[in-house]
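>>> A predicted structure for the sequence below; I have some questions about it.
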Amino acid sequence: MAQHDMNIANQSFPSFRSDLNNALSAIQTTHSGTSRPTGAVAGQIWLDTTSATSPTLKFYDGADDISLATINYTANTVDWLDSSVTITGLSTTATGTVLTLTDSAHTTSVNMICGNNTALRSNELTANGSNYIGLKAPASLSADLTFTLPSTDGTSGQFLKTDGSGNLSFATAGLTGATSTATGTVLTLSDTQNVASVNVILDNEKALRFREATANGTNFVGLKAPTTLSADTTYTLPSADGTSGQVLQTNGSGVLSFSSPSSDFVLLATTDASSSASVSFDGYFSATYKNYKVIFSHLIAGTSGSTYLQVRYRRSNADVTASSYIFAGNGWYNSSGAAGGDTLANRAFNNSSIRLTEPENVSTSASYGGYNGELSLFNPLSTASYKSFYSHANILSTASYYTYFTMGILQDSTSALSGITFFMSSGNITSGTFKLYGIK
């Protein structure tokens with residue numbers, strides 16, 4: 001390899017011959033050297049051999065050298081260095097990572113290679129956005145694999161299948177890998193994936209069953225139609241999963257979607273009595289809910305005889321015991337098959353608590369069922385009106401059955417309430433459950 005200034009000076013014949021040979025050698029080696037040849041002129045191409053194994057082909061424009069490509073001796077390749085290469089209908093980005101074809105048709109007689117797990121992408125219409133569908137190889141392959149497409153299109157509903165050697169063809173969906181029992185009532189699919197292009201119909205209220213892992217047993221979860229339907233109904237599943245805690249809801253036309261459950265009636269607290277002198281709910285009232293309901297069930301009195309269930313409002317985490325309660329109501333009973341009424345209207349004024357039941361000969365035995373009922377509390381945070389509730393309570397005494405309806409009022413309109421307390425007129429509440437709900 002050599003360089004020459006391409007100037008043959010006037011000289012003796014031996015020197016002329018040597019000078020001429022050097023010039024021809026420079027041309028043969030593309031003016032190879034570690035710097036631009038002396039006397040280079042605009043338009044001259046030369047080879048920069050600064051890298052012995054990957055020299056760079058350069059073009060001198062009269063002022064600067066422009067690098068055209070590197071010649072890789074090891075890989076026997078030429079790597080073009082220009083930021084853009086344009087062929088009719090073919091272009092690349094500056095990074096050289098994306099190949100873009102225009103609308104013109106182009107044919108190549110060599111393989112098109114997408115290296116390093118990159119994809120061959122087909123974009124949607126430009127007017128609709130920039131999303132695409134891509135095809136790419138797996139991250140790791142044990143050997144080269146080529147899929148050969150069918151020579152003709154299939155019929156509607158067919159699918160692509162392989163012969164195991166990379167040859168693809170269209171085929172009609174079947175039940176390969178499926179078996180049925182002798183009775184014809186159970187269809188069992190093997191581990192083979194099966195695709196159907198028609199509806200799967202389960203007649204006569206039969207179920208679609210999903211079994212647990214074989215190692216755990218043969219139990220299943222099933223889906224089936226009701227015994228009677230007034231019309232055909234199809235449910236369309238959501239296109240994406242919802243967030244944690246959401247539920248499936250319908251639009252009334254069979255289209256299902258995920259949504260957050262309604263919070264108009266919400267359980268706020270549960271308390272189980274256990275030989276309790278009283279049961280209180282405090283600190284649960286908030287601006288989130290306008291009204292509240294307490295449901296009590298199977299309350300067993302710790303003292304038998306003339307015992308009744310009472311209630312007080314709470315304020316600032318303490319019972320309101322001032323003589324400012326009013327309660328009134330009525331009760332009904334059934335004793336020995338005879339029905340009658342017990343008038344309790346205007347039952348009491350200015351008491352320090354409110355009775356939800358009347359004194360009855362109650363039993364301490366759980367077998368009698370105890371006290372059961374509910375209490376609805378209206379706007380306890382109001383500072384502009386009296387606080388009121390309505391309750392309904394049932395009780396089984398040792399001799400009769402009773403049900404009571406009671407209205408209770410606290411004559412105080414200036415302060416909000418913080419809670420409510422339940423207690424017996426004597427003794428403890430041996431057992432029973434209280435549940436507090438918020439209602440918007």
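Perfect, thanks for sending it. Owing to the predicted nature of the structure, the values given are computational and were not obtained by experimental measurement.
>>> next, the contact list for Leu356, please.
308-311, 373, 375, 391, 393, 404, 406 (C-beta atoms under 8 Å, 6 or more residues apart in numbering). (C-beta placed from N, C-alpha, C; glycine too.)
>>> and these, which of them are in strands?
Taking DSSP state E, the ones among those that sit in strands are 309-311, 373, 375, 391, 393, 404, 406.
>>> pull the most distant pair out of the contacts of Leu356.
Set against one another by C-beta to C-beta, the contacts of Leu356 have their most distant pair in Tyr308 and Leu375, with a gap of 14.5 Å.
>>> quick one, which of those two is more surrounded?
For Tyr308 versus Leu375, the count of surrounding residues by other C-beta atoms under 10 Å is larger for Leu375: 23 against 19.
>>> if we can go back for a sec, name the nearest of the ones in strands among the contacts of Leu356 relative to Phe210.
When the ones in strands among the contacts of Leu356 are compared for distance to Phe210, the smallest value, 43.0 Å, is given by Gly373; criterion: C-beta to C-beta.
>>> hey, where'd the helices end up in the chain?
All helices of the chain, identified by DSSP state H, fall at 13-28.
>>> quick one: low-confidence residue ranges for it.
Applying pLDDT under 70 to the chain flags the ranges 1, 82-110, 174-198, 331-347, 360-361, 398-399.
>>> one more pass at 50, please.
Low-confidence regions of the chain, defined by pLDDT under 50, span residues 83, 85-89, 94, 337-340, 343-346.
>>> sorry, back to before: okay if I get the contacts of Leu356 as TSV plus distance to Tyr235?
Formatted as TSV, the entries for these read as follows, by distance: C-beta to C-beta, whole Å:
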residue	distance to Tyr235
Tyr308	52
Leu309	47
Gln310	51
Val311	47
Gly373	40
Leu375	40
Ser391	42
Ala393	43
Tyr404	47
Thr406	47
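>>> buried subset of those residues?
When the contacts of Leu356 are checked for burial by 16 or more other C-beta atoms under 10 Å, the buried set is 308-311, 373, 375, 391, 393, 404, 406.
>>> between these, which sits nearest Phe434?
When these are ranked by distance to Phe434 (C-beta to C-beta), Leu375 comes first, at 9.7 Å.
>>> mind listing what the nearest residue to the closest one once chain neighbours are set aside touches?
Residue nearest to Leu375 in three dimensions, not counting chain neighbours: Ser391, with 4.1 Å by C-beta to C-beta, 6 or more residues apart in numbering. Residues touching Ser391, when contacts are defined by C-beta under 8 Å, 6+ apart, comprise 311, 356, 373-376, 404-408.
>>> run the chain-centre distance for stretch 311-320.
In terms of C-alpha atoms, centre = their mean, to the nearest Å, the centre of stretch 311-320 is found 44 Å from the chain centre.
>>> list the buried residues in that stretch.
Of all the residues in stretch 311-320, those buried under the rule 16+ other C-beta under 10 Å are 311-315, 319-320.
>>> same deal with stretch 242-259?
So for stretch 242-259, counting by 16+ other C-beta under 10 Å, buried means Ser257.
>>> using PDB, list the CA coordinates for that stretch.
Taking Å, rounded to 0.1, in the frame of the first residue of the first chain, the C-alpha atoms of stretch 242-259 are listed here in PDB:
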ATOM      1  CA  GLY A 242     -60.300  -4.500  36.200                       C
ATOM      2  CA  THR A 243     -58.600  -3.300  39.400                       C
ATOM      3  CA  SER A 244     -58.500  -5.100  42.700                       C
ATOM      4  CA  GLY A 245     -61.900  -5.200  44.400                       C
ATOM      5  CA  GLN A 246     -64.000  -4.300  41.400                       C
ATOM      6  CA  VAL A 247     -67.000  -6.400  40.300                       C
ATOM      7  CA  LEU A 248     -68.600  -7.400  37.000                       C
ATOM      8  CA  GLN A 249     -71.700  -5.300  36.000                       C
ATOM      9  CA  THR A 250     -74.000  -5.500  33.000                       C
ATOM     10  CA  ASN A 251     -75.200  -2.700  30.800                       C
ATOM     11  CA  GLY A 252     -78.600  -4.400  30.500                       C
ATOM     12  CA  SER A 253     -77.800  -5.800  27.100                       C
ATOM     13  CA  GLY A 254     -75.300  -8.500  28.100                       C
ATOM     14  CA  VAL A 255     -72.100  -6.400  27.900                       C
ATOM     15  CA  LEU A 256     -70.100  -6.900  31.100                       C
ATOM     16  CA  SER A 257     -67.600  -4.500  32.500                       C
ATOM     17  CA  PHE A 258     -65.600  -4.100  35.700                       C
ATOM     18  CA  SER A 259     -66.700  -1.400  38.100                       C
END
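>>> and the contacts of that stretch?
Contacts made with stretch 242-259 from outside it, assessed by C-beta under 8 Å, 6+ apart, are listed as 233-238, 241, 260-261.
>>> show me the domain layout of this structure.
Described in terms of automatic domain parsing, the domain architecture of the chain consists of the residue ranges 13-80, 266-439.
>>> now render those as a markdown table, adding distance to Ser151.
A markdown table is the format used below for the domains of the chain (distance: least, C-beta to C-beta, whole Å):
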| stretch | distance to Ser151 |
| --- | --- |
| domain 13-80 | 35 |
| domain 266-439 | 64 |
